[in-house]
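Peer 1: I'll drop the sequence and a predicted model, then ask my questions.
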Amino acid sequence: MDKRIGAQLFTVRDFCGSAEAFDETIKKLHDIGYKCVQISGIAEIPAKDLRASLDKYGMHPCCTHRNWADYDERLEEAIQFHKDMGINIAGIGSLPLPDGKQWEPITDWSLVKKTAERLNEIATEFNKHGIEFGYHNHALDFQKDEKGKFLIEYLMDMPNLKFIVDLYWVAYAGIDPAKFIKKLGDRAIVVHYKDLKMVANESEMCEIGKGNLDWEEITKACEEAGVKWAVVEQDTCKTDPFECLKTSYDYLSERGFI
């Protein structure tokens, strides 16, 4: 696993509303110590402007998240964007919500299978260009069908689909994060380092090292599985998001990351 810990830009999405704001955000992350980022949740900014800011601060773009329509309806454009950016891992943040339906609870498992097959087709097209395509999980992906099969296992049945593992949602669903990474093996290509703490009877996202996840075991599992990147993400922050990212960076940098 590359020890350059990444920052998920979704954490600081409110500070990436323009090319100028993006540049300022990348500088702040660089000053904290981050050396790579995942492009996600930002405004529509031309690839050349994104690339210029990343190059200015020596920041490597390791991965993306884009929405379903970008891949399902504008696949050639999405592939070209990743090629222009020099990013070899494309990601999707969740299953698309079908019109008039809800994924929680799932009632149409044939639709899940159909969607999984389409994701595999998209992954196959990316693979032709040397780009891997990964699915990012949430807790809802651990719903079971009538035979006890997890939703995410429908996706795991697809041979060309890789995974961007969100540890918070794995743990939230009651699954051991390290064991799940080991189960995925080399299909886990990016892992979102996101901690979970308990406040009364509710769980909250928090800075790495401030919660209950066993980071020594998780990092060991990532190394054994051949995970390429560990990326810090915190969807919601009680304080300044940059301070949260700094706290997580400081914790991880004391444990072998740079």
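Peer 2: Arrived safely. Numbers count the residues shown, from 1 in each chain.

Peer 1: you'd agree residue 63 is in a strand?
Peer 2: Yes - applying DSSP: H, G, I helix; E, B strand; the rest coil, one finds residue 63 inside a strand.

Peer 1: Identify the bridge partners of it.
Peer 2: residue 38 (DSSP bridges).

Peer 1: Surely it is in contact with residue 132?
Peer 2: No - assessed by CB atoms under 8 Å, residue 63 is found out of contact with residue 132, at 9.2 Å. Yep, even glycine has a C-beta here, placed from its N, CA and C like the rest.

Peer 1: Look at those two and report which has more neighbours.
Peer 2: Between residue 63 and residue 132, counted using other CB atoms under 10 Å, the more crowded position is residue 63 (27 against 20).

Peer 1: Give me the common contacts of residue 63 and residue 132.
Peer 2: By the contact definition CB atoms under 8 Å, 6 or more residues apart in numbering, residue 63 and residue 132 are jointly contacted by 89-90.

Peer 1: Helix or strand for residue 27, just tell me which one.
Peer 2: Assigned by DSSP states H and E, residue 27 belongs to helix 19-32.

Peer 1: for the record, mean pLDDT for that helix?
Peer 2: Mean pLDDT, computed over helix 19-32, is 98.

Peer 1: Off-centre distance for that helix?
Peer 2: Centroid separation for helix 19-32 versus its chain: 20 Å, with CA atoms, centre = their mean, to the nearest Å.

Peer 1: Which parts of the chain are helices?
Peer 2: Along the chain, the stretches classed as helices by DSSP state H are 19-32, 47-56, 68-72, 75-85, 109-127, 151-156, 167-172, 177-184, 215-225, 241-253.

Peer 1: Which of the residues in stretch 67-79 are classified as buried?
Peer 2: Within stretch 67-79, the residues scored as buried using 16 or more other CB atoms under 10 Å are 68, 70-72, 78-79.

Peer 1: again with stretch 88-100
Peer 2: Judged by neighbour count (16+ other CB under 10 Å), stretch 88-100 contains these buried residues: 88-96.

Peer 1: re earlier: could you let me know which of the buried residues of stretch 67-79 ends up closest to residue 163?
Peer 2: Of all the buried residues of stretch 67-79, residue 163 sits closest to residue 71, with 15.7 Å by CB to CB.
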